[in-house]
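[1] predicted coordinates and the sequence they were generated for:
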Amino acid sequence: MSAGPMFSVVVPTRNRPETLRATIQSCLAQEYEDCEFIVVDNASSSEQTREVVSSFSDTRLKFFEYRDSLAMTANWNRVLEHAQGRWVLFIGDDDGLCRGALQVLADVIDQGKIEAVRWAYATYTWPGAQADGSKLVVPLGHEVAIRNTTDRLQSMAAAAAPPIVPQAYHALLSADVVRRAKATGPVFDGPCPDLFSGVLAAQFYDQFAELQTPITIAGFSPKSNTIAVHSSSSENETRDDFLKLNSEAGLRPHELLPDLLELTCVTFWDAMLRVQDRMDPKVALVVDPQSFVQEALDSIHVSGVRRDAQIETALDYWAKAKGKSTYVPRIPEFDPERDHTALIGEVGIYEDKAVLECTEAGVTNVDEAAGLIAKVRELEPYLRSLFARVATIEDLYEAKVYLESKWHEEEARTAKQRARADRLESELAMLRDGKGRWFGRR
């Protein structure tokens, strides 16, 4: 793997040719040449994927296809075999690369001896993916920090929210780290292969680089697995296909955990326990069902039927795992402000990000989103000065209301002046025609 190009950007795909085209466009927009873009088709049901890839002519683009469909975890393991680069990065078939991303990574790698890199990726919701419209989150900042791997693993073990360790998906791993991880077994394992790859790889390096500069764009399209699995619709072809393949592969949470992979804490624990089963880890996760169930309940931030179902699953888990414990799990009240139903928050400028409405900006796909990100990043000094002047979104709203009121006042004043001028012009015309009574009215 190490004798090949500098970077391998790997794009597993299945039945999403309508988003794959823009994903490939964002890759080929990279001016960096020492790389390969690998698209691997996991038995799509039509020839459209092949047709999309064939429409491009770039020697950096490579295409492989399989006729036997596999669950995501097994598929990613076979896809990895095609990567020949000295550094490996996975993205999805509705994700994208930011403009100049590979050059940024090459510059970071040149600065010091590191074997993994992660970053604050941008987030883009494709049209039709969310009820509140198509939006784009652009991270702001340029800091490059060196993080301690063990510290980050300890944070994950405590079920803290992200950030996490670098993984193969939306992060960068050296081929040497991948090779050492692979010597212990599959690089991807369990129902959360991306997180597992990160925890496993982290056993083989002591520090990593963390960037504020976005390198990739996490896309959420109507056919995204994340969108589909959480859909409330009774019929969803993408969800049914994803769950069917996972079921056939026997992919469920670790036996010591509640069946709640929608919760971040459970996905963290699942990855850590699977690595722990395989080897002596840097940070061991203490198996404590009481802590597991309470943290899971505290992490439920959705409403309605989904909330009730998740609470029931957590309590069923505790009933089976508690043994002689008399602990009664506390079910927190629902907090609307922490509802995770929407992927992206309100449009506005924040201290560390800009949230944009894409339709008004003319953005319809992830490649166009990459172009908009480049423009926003160029304007970052201005955006930061604006945020400094308007410290909160509430202040921004009040400023907007004030400016609108002033505009309406000025508009009314202008209208009065225009009406008075019209009256004077009319009276002068009447005087010239001899029909007015100017002096009498005065």
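    Perfect, I can see it now.

[2] any regions of this structure where pLDDT drops low?
    Within the chain, the stretches with pLDDT under 70 are 1-2, 159-162, 225-236, 238-239, 242, 337-344, 384, 386-404, 406-407, 427-442.

[3] let's see that with 50 instead.
    Low-confidence segments of the chain (pLDDT under 50): 1-2, 391, 435-442.

[4] what's the domain layout of it?
    In terms of domains, the chain is parsed into 7-251, 398-436 (source: automatic domain parsing).

[5] and the first one, how far from the chain's centre?
    Spelled out, it's domain 7-251. 10 Å (Cα atoms, centre = their mean, to the nearest Å).

[6] about what we covered before: out of the domains of the chain, nearest to A309?
    Closest approach to A309 among these is made by domain 7-251 (11.1 Å; Cβ to Cβ). Where C-beta positions appear, they are placed from N, C-alpha and C, glycine not excepted.

[7] now do the helices in the stretch 51-200 of the chain.
    Per DSSP state H, counting those that start in this stretch, the stretch 51-200 of the chain carries helices over the ranges 72-80, 101-111, 149-157, 175-182, 193-201.

[8] ok so, going back, and A354, which of the domains of the chain is closest to it?
    Between A354 and these, the tightest spacing by Cβ to Cβ is seen for domain 7-251, at 4.7 Å.

[9] that older thread, save the helices of the stretch 51-200 of the chain as CSV, and put in distance to L424 too.
    Putting the helices of the stretch 51-200 of the chain into CSV (distance: least, Cβ to Cβ, whole Å) gives the following:
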stretch, distance to L424
helix 72-80, 76
helix 101-111, 64
helix 149-157, 74
helix 175-182, 82
helix 193-201, 74
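
[10] circling back: deepest of the domains of the chain, which one?
    domain 7-251 (a mean of 19; mean count of other Cβ atoms under 10 Å).

[11] mind checking the end-to-end distance for it?
    The first and last residues of domain 7-251 sit 30 Å apart, counting by Cα to Cα, to the nearest Å.

[12] can you redo the domains of the chain as a markdown table with distance to R377?
    Compiled in a markdown table, these are given as follows (distance: least, Cβ to Cβ, whole Å):
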| stretch | distance to R377 |
| --- | --- |
| domain 7-251 | 7 |
| domain 398-436 | 24 |
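
[13] mind checking the ones you listed for the one nearest to Q310?
    Of all the domains of the chain, domain 7-251 comes closest under Cβ to Cβ, at 11.3 Å.

[14] now for Q111: which residues touch it?
    V144, A209 (Cβ atoms under 8 Å, 6 or more residues apart in numbering).

[15] gap between it and L379?
    As judged by Cβ to Cβ, to the nearest Å, Q111 and L379 stand 26 Å apart.

[16] how about the helices of the stretch 51-200 of the chain, which one is nearest E143?
    Of all these, it is helix 101-111 that lies closest to E143, at 11.5 Å by Cβ to Cβ.

[17] return the closest one as CSV; C-alpha atoms alone will do.
    Extracted as CSV, the C-alpha positions of helix 101-111 are listed here (Å, rounded to 0.1, in the frame of the first residue of the first chain):
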residue,chain,number,x,y,z
ALA,A,101,-8.4,19.8,0.7
LEU,A,102,-5.6,17.5,-0.2
GLN,A,103,-3.0,20.3,-0.5
VAL,A,104,-4.0,21.4,3.1
LEU,A,105,-3.5,17.8,4.3
ALA,A,106,-0.1,17.5,2.6
ASP,A,107,1.1,20.7,4.2
VAL,A,108,0.0,19.5,7.7
ILE,A,109,1.8,16.2,7.2
ASP,A,110,5.0,18.0,6.2
GLN,A,111,5.0,19.9,9.4
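
[18] for R307, which of the helices of the stretch 51-200 of the chain is the nearest?
    Distance to R307, taken as Cβ to Cβ, is lowest for helix 193-201 among the helices of the stretch 51-200 of the chain, at 23.5 Å.

[19] what helices and strands are in contact with that closest one?
    With contacts defined as 3 or more Cβ pairs under 8 Å, 6 or more residues apart in numbering; DSSP states H and E, the packing partners of helix 193-201 are helix 72-80, strand 171-174, helix 175-182, helix 264-278.

[20] that one versus helix 175-182: what angle between them?
    Per axes from the mean of the first three to the mean of the last three Cα atoms, to 10 degrees, the angle that helix 193-201 makes with helix 175-182 is 100 degrees.

[21] from the rest of the structure, what touches the helix or strand following helix 193-201?
    Going down the chain from helix 193-201, the next helix or strand is strand 207-211, by DSSP states H and E. With contact meaning Cβ under 8 Å, 6+ apart, strand 207-211 is reached by 104, 108, 111-112, 114-120, 143-149, 163, 165-166.

[22] one more pass at 10 Å, please.
    If you take Cβ atoms under 10 Å, 6 or more residues apart in numbering as the criterion, strand 207-211 is touched by 104-105, 108-109, 111-121, 139, 141-152, 163, 165-166, 171-173, 177, 201-202.

[23] for stretch 100-107, same thing?
    6-7, 9, 26-27, 29-35, 87, 89, 98, 117, 119, 142, 144, 172, 209, 211, 213-217, 370, 374, 377.

[24] could you redo the last one with a cut-off of 7 Å?
    M6, F7, Q30, E31, Y32, C35, V117, L172, T213, I215, T216 (Cβ atoms under 7 Å, 6 or more residues apart in numbering).

[25] with stretch 53-71 instead?
    Identification of contacts with stretch 53-71 by Cβ under 7 Å, 6+ apart yields 24, 28, 35-43, 50, 82, 245-246, 248-249, 251.
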